[in-house]
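Novice: coordinates only, no sequence provided:
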């Protein structure tokens, strides 16, 4: 039996970090997937995670684990596929390290991805976005910080990992306000900032000078803002925004919803999908096409450009004697009432 632990350590330290040079976010996602897998396997096999052998992680266990994600954790097929992708990446790594388990590994690699539904992206209306940006009260340290975070997250269309990963050196206010964003796949992009967003950042930077840390946004303990911390702040301000705009309370507002809202506002303003792709930092233009399905303005242009078919005119004639008598009776009653 081959113990899994040393090979898993080598996968993260050598394959991902040194050979593939994946981002920290990808490494964290893979680590979380294996944490869930080992927790499930430990309970099922009645073995502590550090003692689990590679031969015990077979295709049937992996399939049962994936099914449990949907049944017990309410994961969607897309999340299920992310966990499976992490497992398959590790199994490709193991093909050369443990040839004796090649048949078992190939059975796991043959597990198909689950088909996902193509839904419209969730986004906020212009009124809802404005209500959310107005929710923080900029009279204290937290209020000024929250206003700057929400404005920047929406204006730049940032992923939550990009927002929390920003550092002071990434912000430039002279001669023109701009922001360097470190995106997925080690891709950087430079974005200009609205005047309103620049004002919120200046106010926050004036308070940030008293704290000597490189991160742009900080939590209450004056350390780097985390993903869960920003999600908590966003949820709190959604409740406040609901007082002036109740419709926002009917939506599930996440940091990525702000990113979708930014993308749709840019698409509506420019009608150029390539500009949206550049703004969001997408590696493939095909990824950006999801916004064309949610933007009605593109369909309105097609509707106005097309020539609709003619509508045949006509009038309803009763074919039944009872219906005809009721129609006549109703018509005579209206005439008597008019007289």
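Specialist: Alright, I've got the coordinates. Note that this is a predicted model, so its numbers are computed, not measured.

Novice: would you map out the domains in this protein?
Specialist: Domain segmentation of the chain under automatic domain parsing yields 5-109, 126-299.

Novice: specify the local secondary structure of residue 196.
Specialist: helix (DSSP: H, G, I helix; E, B strand; the rest coil).

Novice: count the residues that sit near it.
Specialist: Residue 196 is flanked by 11 other residues according to other Cβ atoms under 10 Å. For glycine as for every other residue, the C-beta is placed from the backbone atoms N, C-alpha and C.

Novice: need the contact list for it.
Specialist: 151, 155 (Cβ atoms under 8 Å, 6 or more residues apart in numbering).

Novice: what's the first-to-last distance across stretch 14-34?
Specialist: Taking Cα to Cα, to the nearest Å, the first and last residues of stretch 14-34 lie 16 Å apart.

Novice: list the contacts of it.
Specialist: Contacts to stretch 14-34, defined as Cβ under 8 Å, 6+ apart, come from residues 8, 12, 82-83, 86-87, 89-90, 93, 161, 184-186.

Novice: pLDDT on that stretch, on average?
Specialist: Regarding stretch 14-34, the rounded mean pLDDT is 89.

Novice: stretch 254-263 - what's its average pLDDT?
Specialist: Mean pLDDT, stretch 254-263: 94.

Novice: check which residues of it are buried.
Specialist: Within stretch 254-263, the residues scored as buried using 16 or more other Cβ atoms under 10 Å are 255, 256, 257, 258, 259, 260, 261, 262, 263.

Novice: so the last one makes contact with residue 287?
Specialist: No. Because the distance of 10.6 Å does not satisfy Cβ atoms under 8 Å, residue 263 is recorded as not touching residue 287.

Novice: contacting residues around stretch 56-72?
Specialist: Under the contact criterion Cβ under 8 Å, 6+ apart, stretch 56-72 has outside partners 1, 4, 36-37, 40-41, 44-45, 47, 75-77, 79-80, 83-84, 87, 104, 107-108, 110-111, 114.

Novice: run the last query once more with 6 Å
Specialist: 37, 40, 45, 75, 80, 104, 107, 108 (Cβ atoms under 6 Å, 6 or more residues apart in numbering).

Novice: report the contact partners of the last one.
Specialist: Under the criterion of Cβ under 6 Å, 6+ apart, the contact partners of residue 108 comprise 59, 62, 91.

Novice: the same query, at a cut-off of 10 Å, please.
Specialist: Residue 108 is in contact with 57-63, 84, 87-88, 90-91, 94, 101, counting by Cβ atoms under 10 Å, 6 or more residues apart in numbering.

Novice: wait, a strand at it?
Specialist: No. According to three-state DSSP, residue 108 belongs to no strand; its state is helix.

Novice: with that, I have no additional questions.
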